[in-house]
Each structure stands twice: as C-alpha cells, then as structure tokens.
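> Pasted the sequence and its predicted model underneath.
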Amino acid sequence: MKLVHISDIRINADPIAGQNSVAAFEACLAHVEKRHADADAVVISGTSPITASARLI
C-alpha cells in the first residue's frame, strides 16, 4: 500500500512569511498527482482552523 501523508498545511488567506499558502498547497497537490498518482490514499492531517473551531463547540 502506498500512502501519501501531508501534515500541517497552514492554509491562510493572507501570506505567511511572504508566501501564498494556497498556491503552495495547490503546488503540493499537483506534485502528489504527478509523482504519486499510484498512491492508494492521501491523508491530510494536522490542526486546521476548521478543526480548531470545532473543538470549541
């Protein structure tokens, strides 16, 4: 089984350290699609604003 694990992506509407995090994540996904299309699964983990907010409920 081939597994691709992406962690702590830190997507933000505003640049982080001068970098566009949305574009960086899109590039990451494009890389996975191009180089690891044979993966059985892609797992994205880590804290995101959505999961952090959900914990407050």
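Arrived safely, thanks for sending. Here the structure is a predicted model, which means the values were calculated and not measured.
> Quickly note the distance from the most centrally placed residue in the chain to Ile44.
By CA atoms, centre = their mean, the mean C-alpha position of the chain lies nearest to Ile9, the distance being 4.1 Å. According to CB to CB, to the nearest Å, Ile9 and Ile44 sit 7 Å apart. Backbone N, C-alpha and C define where each C-beta goes, glycine included.
> Quickly note the distance from the residue nearest to the centre of the chain to Glu26.
Distance from Ile9 to Glu26, by CB to CB: 11 Å.
> Overlap of the contact sets of the two?
With contacts taken as CB atoms under 8 Å, 6 or more residues apart in numbering, Ile9 and Glu26 have no neighbour in common.
> what residues does the longest helix anywhere in the chain touch?
Longest helix in the chain by number of residues, with DSSP state H as the criterion: helix 21-35. Residues from elsewhere that reach helix 21-35, judged by CB under 8 Å, 6+ apart: 4, 6, 9-13, 15, 39, 42.
> Buried by neighbour count, from those residues: which ones?
4, 9 (16 or more other CB atoms under 10 Å).
> Columns pLDDT on top of the contacts of helix 21-35, output as TSV?
Shown next, in TSV, are the contacts of helix 21-35 (pLDDT from 0 to 100):
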residue	pLDDT
Val4	97
Ile6	95
Ile9	85
Arg10	82
Ile11	83
Asn12	83
Ala13	81
Pro15	87
Ala39	98
Val42	96
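> Dump the contacts of helix 21-35 to CSV, plus distance to Val32 and secondary structure.
Formatted as CSV, the contacts of helix 21-35 follow (distance: CB to CB, whole Å; DSSP: H, G, I helix; E, B strand; the rest coil):
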residue, distance to Val32, secondary structure
Val4, 5, strand
Ile6, 8, strand
Ile9, 12, coil
Arg10, 17, coil
Ile11, 16, coil
Asn12, 21, coil
Ala13, 23, coil
Pro15, 23, coil
Ala39, 7, coil
Val42, 6, strand
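> Next one: the closest residue to the residue nearest to the centre of the chain other than its chain neighbours from Met1, what distance?
Of all residues not flanking Ile9 in the chain, Phe25 sits nearest, at 5.4 Å (CB to CB, 6 or more residues apart in numbering). Phe25 sits 24 Å away from Met1, taking CB to CB as the criterion.
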